[in-house]
Each structure stands twice: as structure tokens, then as C-alpha cells.
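Engineer: Please work out how this folds:
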Amino acid sequence: MKIIVIGSVAAGTSVAAKARRNTETAEITIYDRDEHISYSGCGIPYYLGTDIEEIDELTPRNAKWFKKRYNIDIHTKQEVLAVDVNKKQVTVKNLQTNEEYVDTYDKLVLATGASPIVPPISGVEKENVFSVRNIQNAAHIKQFMTMKQPKKAVIVGGGFIGIEVAESFLKLGMDVTLIDQEQQVMSSMDKDVTVWFEKYMKEKGVELLLGETVTNFAGDDVVTKVITASGKEIETDMVILSVGVRPNTALATQASIKLGDTGAIAVNNKMETSVENIYAVGDCAESFSRITGKKIYRPLGSTANKMGRIAGDSMTGGSLQFQGILGTGIFKFFDMSVAQTGLSEKEAIALGYDVEVLHNIKPNKPHYIQGSGEMVIKAIADRKDGRLLGVQIVGKEGVDKRIDVFATAISFGAKAEDLFHLDLAYAPPFSTTKDPVMYTGMALDNAMNQNRPLITPNQLQSRVNNGDNITIIDVRSKKDFEKSHVPGALHIPLGELREKATSLDKEISTVTYCNKGVSGNAGQNILINLGFKEVYNLSGGNKNYQMTVSE
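Structural biologist: Predicted coordinates for the structure are as follows:
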């Protein structure tokens, strides 16, 4: 059997390696128009700063290594121009000699990746406007920075790469402005989560311009000012474009291979395309949600490796099948970590779910242990069956551990109530006795199944704006109440609530709250047990309200 793989980064090399592990008789060839193979694109933002000194650290393996280890032939600077599905052959161009030749295959794999989106902005072609995608990009940017010593940078796009590059540039002492046309960074997440992180970014020195669209990169040969639709002018020495990527599907289209609704190549659970004996993997291929089954496009290195392994196994007689993804992701900005898995609240609502939402603000370990710090956990569950749908976390230490537990739970269809019963590892250096994961499940279960409903700050504000008759009770100390409180709230400390409840109307909706949620729940319990008709606990308490509700 003769296998040809087009593309030699994460997905393509994973295909070849797995195929070789399954069989010694296959002839395996990889073609790539790039010079570098099997590199860590996710590490590029750190190379641009101070964390990675040598670019070779991002390219640990070369074609010789693959030949010796796996008996795989990798040909770089060789671009596949066309696929003939009837003759089962590809036309290849040697980019160094311009020679064209034909090769044949029994199995063909498209691992053509994705390309950065370059928005049609006037001046985008100027020499100090860069995209961040491959090793050549990284080397070009680094060379520019070494020669020109820029002091100011504008980053367009507030996704993973844009934020990671912002950190690297700040560590170099540069002034950094980040612009995004959305009203938040990380558009895949919910605004009431990103607002915590955005505050931290500002504290670290990033100038955030959200809800702004860039209209012009002004300057002669180089950009000296970035101009937005609102008329803002930001002086800069360089620009980084980080507005997303598009799957490279030109070869698939030329070969009449079906594309999915997302614009990426449609594949089944064995990574087979619509054309027999042709597979697609990695950033050029469509995925699907493990929760909903709907097709999605989430290009990540972890998914690319997984897809590649499955395709390599499938074409050599194996039984591996792709089971979908949750869109799990994590990144750091200095000592702050931000993570997500599954559906956001806005996604879940758009898909028709009746959701329960919890904001859980808890320490990652006891306060007396070094490294203790709060995490903000937003969890979304399906009220219909109690199933956990998604989680987002902002915090310092311990975020990675919790998001992986949540991702595992969602993958196996866990209900919120199941989280409380997890037997998680505990010792003070690692966790609290009631881990935030367990507490999240307990609070969601109380809300959905134990008549202890939650109300988010935005839901409360919406009801107040609509003129609903609601009693809001702050159960904290007088000192905390005077420092800040929900507008219109009555101050009744928790210890006085039983006595003063007799003066309240039991028939109208009531909301209790404390600083983060625990004492608010205690107040909720008191009122419910005293016969109050409808009592909510404010999700995340006053701290969450003050952070997330606009004045």
C-alpha cells in the first residue's frame, strides 16, 4: 500500500507515524510546501518574547529523524498542485527547481492546515504588519524586532494568539494596544467571564479597545498609526494580525471533495472524506461537538494530533473512531489562566437549551497555603436532565486541573449532581476539602433539584429594568454593604434575617446575596423554610455583580 500525506505538521506526521506503527509494508510519503516540519505553532508567541531563546526549540524533528525512526519519506518545499481522484495521483511541484512531477497513491491524506485571515484593511500589506502562523512568520517577526527595536505594538484580535503575543511584548517592555471588534476578548467565551480577565489585562498594561473596527493602517512604507472606525488613532511601530484562520481547502475543492457547513473539509468518524481512499485531518478538517453532535470548526493542535492518529489507524485496518471534541482550551497571561470546555451560556441558549448557570468563586487551595487564590468558575447545565454542558474558569493556580476534570465529566455525560460524588485527591497544598469542582456540582444540583434557584447578575438587572417587583436582600455586614451593594438592596445581616423576615412580603420574588454566594444561600434557605414563595440566590454574590453588571 502506498500512502501520501499532504502536510507535515501535527496532523500529517501523526497520520504517518500511526500508519507505520500498524504496518511495516506500506510506502509512506509526506509532501509539504513549507521548509519546516512537525513544529510547535502554539509556541510561537513565547518565542517572540523571552520564554524561548532559540527557534530550533520549536522544530525538534526533521525529515532525517522521521526517515530513521519511522522509515517515512518527507519532502519539504514540494507543493502538491492537484489531485486526480480517478487516476489516484497527485501533481507535485519542486519549489526550489520549479520541476513538476506526478506521484501515485492508494491512500491520500489532506493535512493542509489553515491560513491566517488577513482582513481587507487599507495598508495591510505594509512591511511591519505580521501574521503569526508558522516558523517563517516567527523568524520574520523576530528579525524585524531585532533590527528595528519597536517600542509600541498594536495587536488586532483578542483570541489565544493575540493575548499570548501581548504578554510576550509586555515582557519586552513594549507598549501594547489590543483591538477587537467584539465587545470582549475571547469571543468563544461569555462576557461575564472575560470581564474578569480583561480587568487583569488592563492592570498589566494592555490598552484594550473593544468594540472597535480597524479601518486603516496609516503610514508610508510602514504603519505608523492604526485608525479605527470611531476615529481613534493609535501610534505604533508594528502590527500583529490575530483575527483567526481559514481552513486550506483549495486542493479539496479542486478534487471535488465535499466541504462541510463550517467551510472545512467534511469527514466521517474515521476521517474519511466524500471521496473514497482520501482522508482529511487537522486544521483543514471539520469536527463535531461531543455534546450536540453538530459540526464545528475548532482548529487546535491537540485535535489535529488526535485526528491524525485516527486516520493513520483507520487506513491500515484499525478500529479507532473520532468521538468529537468539546472545544476545550486554555491559555495564560502572566500568572492568570483562562480555560473553557463545552458550551458557553450564549451557545447553549442559541441551541435551545434551558440552562442553569452558576458562578462559583472559590479558592484553589486553603488560604493558609502559599499559592492560594480565587478562581471564578462559570458552569452551565441543562435543566431538562441535569447534564453538565460547559465550564469556563479564570484564576491563577489550579485552573488547568479543574478544567480537565470538568472536560472529562462532560465527555462521559455527567450530570451536575455527579460532580459532588467525585473522589478527588485532597491535601491542603493541592485543594480545599470540598474541591471547587465538587462545590460546583452541589450548587447546580441544589438549584435544579433542591428548590434553591440561582439568578445571575444580568438576569437580576434585566428583571429590575423591566419593573418586576423584587425584594433584594444583602445579608453581609454593614461594613461590606456600605462599601458596595446591589442598587435597591435591603441590608439585613444574616444573623437578623429570621427576626426581620416577618416584615417582608412572602408572595413576591426575593433575591438574597452575600459577597460570593455561600451566605446568600444560607439566607435563601432561611426564607424558603419560612414559607417565602420564590427565593433566588445571586450567582457569585455581590463580587460577581459589581464586576459584571454595567453601571
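
Engineer: contacts and neighbour counts: CA atoms only from here.
Structural biologist: Fine.

Engineer: Where does pLDDT dip in this structure?
Structural biologist: For the chain, residues meeting the criterion pLDDT under 70 lie at 550-551.

Engineer: what residue is smack in the middle of it?
Structural biologist: If you average the C-alpha coordinates of the chain and look for the closest C-alpha using CA atoms, centre = their mean, you land on residue 329, 4.0 Å from that point.

Engineer: Just want the phi and psi numbers for that one.
Structural biologist: Dihedral angles of residue 329 (phi, psi; degrees, to the nearest 10) stand at phi -150, psi 160.

Engineer: Ok, residue 416 next?
Structural biologist: When quoted as degrees, to the nearest 10, the phi and psi of residue 416 stand at phi -60, psi -40.

Engineer: Could you do residue 443 as well?
Structural biologist: Dihedral angles of residue 443 (phi, psi; degrees, to the nearest 10) stand at phi -70, psi -40.

Engineer: Any figure for the gap between the closest residue to it other than its chain neighbours and residue 544?
Structural biologist: Once flanking residues are discounted, residue 443 sits nearest to residue 358: 7.5 Å by CA to CA, 6 or more residues apart in numbering. Look at residue 358 and residue 544: by CA to CA, to the nearest Å, they are 11 Å apart.

Engineer: now swap in residue 529 and tell me
Structural biologist: For residue 529 relative to residue 544 (CA to CA), the value is 26 Å.

Engineer: And for residue 299?
Structural biologist: With distances taken as CA to CA, residue 299 is found 32 Å from residue 544.

Engineer: in the stretch 401-550 of the chain, which spans are helices?
Structural biologist: For the stretch 401-550 of the chain, the helices identified by DSSP state H, counting those that start in this stretch occupy 416-420, 436-449, 457-465, 478-483, 497-500, 518-529, 541-548, in order along the chain.

Engineer: for the stretch 101-250 of the chain, same thing?
Structural biologist: Listed in chain order, the helices of the stretch 101-250 of the chain (DSSP H, counting those that start in this stretch) span 135-148, 160-171, 191-203, 250-254.

Engineer: What is the very next helix or strand once past the shortest one packed up against?
Structural biologist: The element immediately downstream of helix 250-254 (helix or strand, assigned by DSSP states H and E) is strand 278-280. Using 3 or more CA pairs under 8 Å, 6 or more residues apart in numbering; DSSP states H and E as the contact criterion, the neighbours of strand 278-280 among helices and strands are strand 107-110.

Engineer: Parallel or antiparallel, which strands does the strand it packs on pair with?
Structural biologist: Here the strand partners of strand 107-110, with direction, are listed using DSSP bridges: strand 2-6 (parallel), strand 278-280 (parallel).

Engineer: hmm, who's touching that strand?
Structural biologist: The list of residues contacting strand 107-110 from outside it, by CA atoms under 8 Å, 6 or more residues apart in numbering, reads 1-7, 12, 252, 277-281, 284, 315.

Engineer: circling back: tell me which of the helices of the stretch 101-250 of the chain sits most buried.
Structural biologist: Of the helices of the stretch 101-250 of the chain, the one with the most neighbours on average (mean count of other CA atoms under 10 Å) is helix 160-171, at a mean of 22.

Engineer: what angle separates that helix from helix 191-203?
Structural biologist: Computed with axes from the mean of the first three to the mean of the last three CA atoms, to 10 degrees, the direction of helix 160-171 lies at 20 degrees from that of helix 191-203.

Engineer: List of residues touching helix 160-171?
Structural biologist: With CA under 8 Å, 6+ apart as the test, helix 160-171 has contacts from 45-46, 48-50, 132, 153, 155-156, 175-176, 178, 186, 205-206, 240-242, 331-334.

Engineer: Spell out for me the ChimeraX command that would select the buried members of these.
Structural biologist: Selection of buried members from the contacts of helix 160-171 for ChimeraX, criterion 16 or more other CA atoms under 10 Å:
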select :45,46,48,49,132,153,155,156,175,176,178,186,206,240,241,242,331,332,333
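
Engineer: Among the contacts of helix 160-171, name the ones in strands.
Structural biologist: Cross-referencing the contacts of helix 160-171 with the strands (criterion: DSSP state E) gives 153, 155-156, 175-176, 178, 240-241, 331-333 as the overlap.

Engineer: count of residues packed around residue 325?
Structural biologist: The number of residues packed around residue 325, counting by other CA atoms under 10 Å, is 20.

Engineer: who does it bridge with?
Structural biologist: In this entry, residue 325 is beta-bridged to residue 289, by DSSP bridges.

Engineer: how far away is it from residue 271?
Structural biologist: Relative to residue 271, residue 325 is positioned 14 Å away (criterion: CA to CA).

Engineer: ditto for residue 465
Structural biologist: If you measure residue 465 against residue 271 using CA to CA, the figure is 50 Å.

Engineer: Which of these two has more residues huddled nearby?
Structural biologist: The residue with more neighbours, out of residue 465 and residue 271, is residue 271; 28 against 9, by other CA under 10 Å.

Engineer: my read: the more buried one touches residue 322, true?
Structural biologist: Yes. Under the criterion of CA atoms under 8 Å, residue 271 is in contact with residue 322, at a separation of 7.4 Å.

Engineer: quick one: buried residues of stretch 254-264?
Structural biologist: Along stretch 254-264, these residues count as buried under the neighbour rule (16+ other CA under 10 Å): 257-260, 262-264.

Engineer: And stretch 29-37, what's buried?
Structural biologist: 29-34, 36-37.

Engineer: Save those residues as a markdown table, and put in distance to residue 366 and secondary structure too.
Structural biologist: Converted to a markdown table, the buried residues of stretch 29-37 look like this (distance: CA to CA, whole Å; DSSP: H, G, I helix; E, B strand; the rest coil):
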| residue | distance to residue 366 | secondary structure |
| --- | --- | --- |
| 29 | 54 | strand |
| 30 | 52 | strand |
| 31 | 53 | strand |
| 32 | 51 | strand |
| 33 | 53 | coil |
| 34 | 50 | coil |
| 36 | 46 | coil |
| 37 | 45 | coil |
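
Engineer: For those, give me JSON lines that also has distance to residue 119.
Structural biologist: JSON lines is the format used below for the buried residues of stretch 29-37 (distance: CA to CA, whole Å):
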{"residue": "29", "distance to residue 119": "35"}
{"residue": "30", "distance to residue 119": "31"}
{"residue": "31", "distance to residue 119": "29"}
{"residue": "32", "distance to residue 119": "26"}
{"residue": "33", "distance to residue 119": "24"}
{"residue": "34", "distance to residue 119": "23"}
{"residue": "36", "distance to residue 119": "26"}
{"residue": "37", "distance to residue 119": "27"}
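
Engineer: ok, of those, which one's closest to residue 70?
Structural biologist: Residue 70 lies nearest to residue 29 out of these, by CA to CA, at 11.1 Å.

Engineer: so what's that closest one bridging to?
Structural biologist: Listed beta-bridge partners, residue 29: residue 4, residue 73 (assigned using DSSP bridges).

Engineer: i'd like the first residue to be 48 from this point on
Structural biologist: That works, and once the first residue is 48, the last one we named lands at residue 76.

Engineer: ok now do it, which residues does it touch?
Structural biologist: Contact partners of residue 76, counting by CA under 8 Å, 6+ apart, are 50-52, 119-122.

Engineer: Could you check how far it is from residue 324?
Structural biologist: In terms of CA to CA, residue 76 sits 15 Å off from residue 324.

Engineer: what do you get for residue 79?
Structural biologist: With distances taken as CA to CA, residue 79 is found 20 Å from residue 324.

Engineer: For the stretch 298-447 of the chain, which segments count as strands?
Structural biologist: 325-327, 334-335, 342-343, 376-380, 383-389, 402-410, 421-429, 435-442 (DSSP state E, counting those that start in this stretch).
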